[in-house]
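Participant: Following is a predicted model, sequence given first.
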Amino acid sequence: MSAHGRRVALALTIATLGLGALAAVGLPAFYESFLYLIFSWIALATSWAILSGYAGYFSFGHGAFFGAGMYTTATLTTALGMPFLLTLIAAGVLAGLLGLGIGAVVFRVRRLRGELFGLLTLAITFVLATIVLNTRIDGGPGVYLSAVPMPRLLASPTGTLYLLGLLLAVLTVGAAFAIAQSRLGLGLYAIHDDEDVAEVQGVPTLAYKLMAFTLSAGIAGIAGGIHAMYVSYVTVGETFSITVPLYVVLMSVLGGARHWLGPAVGAAIIGASLYAFTGGQQAVLGRAAVAFALILVILLLPEGVVPAVIGRWRRHARAASPPTVVDIAHAAGGGRALTPAGAPAALECHDVWKAFGGIQALRGVSLAIGPGEIVGLVGPNGSGKTTLINVVSGHYEADRGRIALGTETLSGRRAHEIAGLGVSRTYQIPRPFAHFTALDNVALAATFGAGHRSAREARTEAQGWLEFTGLARRASAFPHELNLHERKFLELARALAARPRVILLDEVLSGLNPAEITSAIRLVREIHEQGVAILFVEHLMRAVLELSHRIVVLNEGEVIAEGDPRDVMRAQRVVDVYLGRSHVVA
Amino acid sequence: MPSATLLGQSIVSGLLAGGLYSLLALGLSLSWGLLRLVNLTHFALALLGAYLTYQLGHVFHVAPWLAAAAIVPAFFLIGVALHAVFAYFRVAEFASLLVTFGLAVILESLIQWFWTADYRRYETAYATMSIRVGPLFIPTLEMLACLTAVVLAFATWAWLRFTYVGKALRASAEDPAMAAAFGVNHRAQAFLLSGVSAAYAGIAGTYIALIATLAPSQIWTWLGVVFAVVIIGGLANPIGALLAGLLIGVSESVTMAVVTPAWAPLVSFSVLILILILRPGRV
């Protein structure tokens, strides 16, 4: 565990012991219930953020999982006489499975955008409410839990609920922190910024989203189970109201949904202010005031309170101390030389077809790249070059044909598996993760690519690749602070950090000036010297002729020529394709 | 199986209820599809319009159509003012959901402050009128609401389809930068559209006052169904919103007649879920 992690764990333990001791000594029941409600909101808002804050899939269905938990506990304690604490496990498991089931259906829909996911989860809440209302689970009159025995963790029932709420809140915040530091968290953050790129870089996006959704829903279910005992009378109208889904969103956004502590802070602020305005007409104005504050925060601090405060504090600290100069010579791989890429292997495409609706982008493309070979892929615009890269890297599935790397078949696999086997790519228009620094962008590739490094190793390695591409001084810059040349090289650094056996370069030189092109060509040579095979899409003939061992010409989705660069470019058919057929016979 | 008359009557009342859904969905569909703003304030505005109609009619004895004549232009201005806020802060699609939620809560609180949480009923002579067609009864007010929805849907469709402003709005929604390069002044048209959308909320509000019993929390009762209508109909598609509203209205009311009233919400949301999962590209 890192020093940061130890500090956070210590702080959470102290908070738990302190607040727990407070209850053991005996708080007035009013404060116990007040704090219980805050803890409950903290658990709900933080659990919501594990999927929705980290990965950016805003769910408005948190009320469904909360309600599923409430009714699980209500049903099991009253109808089956199960002990209350045992039902909490059932509530968590059931709500988690509900989340998993919903996720398994909706996450397969690739084009489902964020706000549609939100509405879909909201609709599911109403469906669940209707089902509960019309079946024996509730049936209409609601369920009374007043006869259910409360376990005596503490002397008073409110004390027991207080303690349960506290434990759940602390465990949830702890889990959110642990996830934020883990591979899972890194992957979720990458999904938030650009899901397609995350998948191509080796993040198992579907599995990660499902894990986050299940955990998030499960915690909401446990919170619901506890809350059933707190209200002791469960009705459909109250349980599945719009309150829970909307308040958890507001709390998280207010505090900062991408930060592990943000939702907890937002929940404390809104939870306390809601309580301050209960009763009578004042409550009405209080609610309006909370709503107004929310509008102001979203307009003025779109990232949330916690990130804004941390950001200000960091800027303050940075201004106070002179910037530290990174010792590049030592940073590179921690003094050790960068290890070359994985074992060389040949990439083979055999009769690959791909259509988009009526447009046939690839018509039976076959090509091979030997181990450590540089192949230039040229052809006019729209000839299918980028489509081929998208198919090889697994972003699109081929309609027909076989693609293999060494002895492994690539076609039919998901993009992250292909990345894991050692294929990496760059994008013509760089697509870095916007909320990641240059270093973290590269570290993500090192973590999830073919290397499968731990977080610490990945950062050391990433620093080395930034050095290799001449970006070491820009390590802590965010992508929007980099110029085009730097972003292109960042793409290269990312592709290399994955320790590929084959790199697919999509027009790395376009938009660069002559000096930058020269340095980029040198860089591609150096990459090749590491034993990586390179497929290299380019319009710039100087670079193609200088670098390629062999070139392949694509036109309208078909390979029309292949062979030695100079010979192929002189072939009449290739000249016709590039310059148009001459109609004047000289 | 219910009798043919009962089934016919439930289809009629479904169509009429669906007309009100369409009326509410129309403005929402426009601002979401063409301005990329998910406007929850729309529901609050509609309810505010209903309370204003109630206040003018019940307390000051102003005829509903006169009330509407005052409310609609006033709401147009509110819509323009709202868009000024969104434009100034460059509110994005997701933030708009949260900001307009906040505004809706503020409006709900204001309504509750002035009119309390008690149910209000605006009694008019129109409420009991109906036309008899064979064995079926068609309540006049609901029919007017439905006809208004039809007229507005087609008028909006023609506006978007044939006028310069409509084409410019659609072009800007597709690609703002490219539309601007061709001389489209998106900002001015966005204000117009936001005003029109709010004015539609005012019209819907007047009918709500005449048809329904009012309570502040009703802002949220239509939320789910109307969003379902907007999505099923397709964003920025007025005719789609109209048809989707009628479809949901009929399917709900037939479910009420054939199965039991309590299961009705399941229908609209099941349709919505299926469409989102099977045809996510539609929206």
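Facilitator: Okay, I see it. Numbering: from 1, shown residues only, chains lettered A, B, ... in the order given.
Participant: Local confidence estimate at the spatially closest residue to A:D564 that is not a sequence neighbour?
Facilitator: Nearest-residue entry for A:D564: A:R550, 6.8 Å, with adjacent residues in sequence omitted and distances by C-beta to C-beta, 6 or more residues apart in numbering or on different chains. (Glycine included, C-beta is placed from N, CA and C.) According to the per-residue confidence, A:R550 scores 90 in pLDDT.
Participant: and A:R550, what is it in contact with?
Facilitator: Residues touching A:R550, when contacts are defined by C-beta atoms under 8 Å, 6 or more residues apart in numbering or on different chains, comprise A:E373, A:I374, A:V375, A:G376, A:E562, A:G563, A:D564, A:P565.
Participant: now the residues you listed: which count as buried?
Facilitator: Applying a neighbour-count criterion of 16 or more other C-beta atoms under 10 Å in any protein chain shown, the buried members of the contacts of A:R550 are A:E373, A:I374, A:V375, A:G376, A:E562, A:P565.
Participant: Would you mind putting the residues you listed into a markdown table with distance to chain B and secondary structure alongside?
Facilitator: Rendered in a markdown table, the data for the buried ones among the contacts of A:R550 read as follows (distance: C-beta to the nearest C-beta, whole Å; DSSP: H, G, I helix; E, B strand; the rest coil):
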| residue | distance to chain B | secondary structure |
| --- | --- | --- |
| A:E373 | 40 | coil |
| A:I374 | 37 | strand |
| A:V375 | 35 | strand |
| A:G376 | 33 | strand |
| A:E562 | 37 | strand |
| A:P565 | 38 | helix |
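Participant: Kindly reformat these as TSV and extend each row with pLDDT.
Facilitator: Putting the buried ones among the contacts of A:R550 into TSV (pLDDT from 0 to 100) gives the following:
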residue	pLDDT
A:E373	89
A:I374	90
A:V375	92
A:G376	91
A:E562	88
A:P565	84
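Participant: For those residues, work out which two are farthest apart.
Facilitator: Using C-beta to C-beta, the two most remote members of those are A:I374 and A:E562, lying 14.1 Å apart.
Participant: Ramachandran angles for the residue nearest to A:H480 when sequence neighbours are not counted?
Facilitator: Excluding the flanking residues, the one nearest A:H480 by C-beta to C-beta, 6+ apart is A:A434, at 6.9 Å. For A:A434, the backbone dihedrals are phi -60, psi -30 (criterion: degrees, to the nearest 10).
Participant: Run through the residues of the stretch 151-283 of chain B sitting next to chain A.
Facilitator: By C-beta under 8 Å from any C-beta of the partner chain, the residues of the stretch 151-283 of chain B that approach chain A are B:220, B:223-224, B:227-228, B:231, B:260, B:262-263, B:265-266, B:269-270, B:272-273, B:276-277, B:280-281, B:283.
Participant: which stretches of chain A form strands?
Facilitator: If DSSP state E is used as the criterion, the strands of chain A fall at A:143-144, A:233-234, A:347-356, A:359-369, A:374-378, A:400-405, A:408-409, A:423-425, A:502-506, A:533-537, A:550-555, A:558-563.
Participant: right, so these: which one is the most enclosed?
Facilitator: Between these, the one whose residues have the most neighbours on average, counting mean count of other C-beta atoms under 10 Å in any protein chain shown, is strand A:423-425 (a mean of 29).
Participant: Residues in contact with that strand: which ones?
Facilitator: A:200-201, A:347, A:389, A:392-394, A:405, A:410, A:445, A:449-450, A:494-496, A:498, A:500-506.
Participant: just checking, what packs against the helix or strand containing B:I11?
Facilitator: Counting by DSSP states H and E, the secondary-structure element that holds B:I11 is helix B:4-35. Counting contacts by 3 or more C-beta pairs under 8 Å, 6 or more residues apart in numbering or on different chains; DSSP states H and E, helix B:4-35 is packed against helix B:41-54, strand B:136-139, helix B:140-162, helix B:164-174, helix B:186-211, helix B:223-233, helix B:238-258.
Participant: quick one: that helix to helix B:223-233, angle?
Facilitator: Angle, helix B:4-35 to helix B:223-233, by axes from the mean of the first three to the mean of the last three C-alpha atoms, to 10 degrees: 80 degrees.
Participant: quick check: mean pLDDT across helix B:4-35?
Facilitator: When the per-residue pLDDT values of helix B:4-35 are averaged, the result is 89.
Participant: Can you list the buried residues in that helix?
Facilitator: If you call a residue buried by 16+ other C-beta under 10 Å, then helix B:4-35 has these buried ones: B:8-35.
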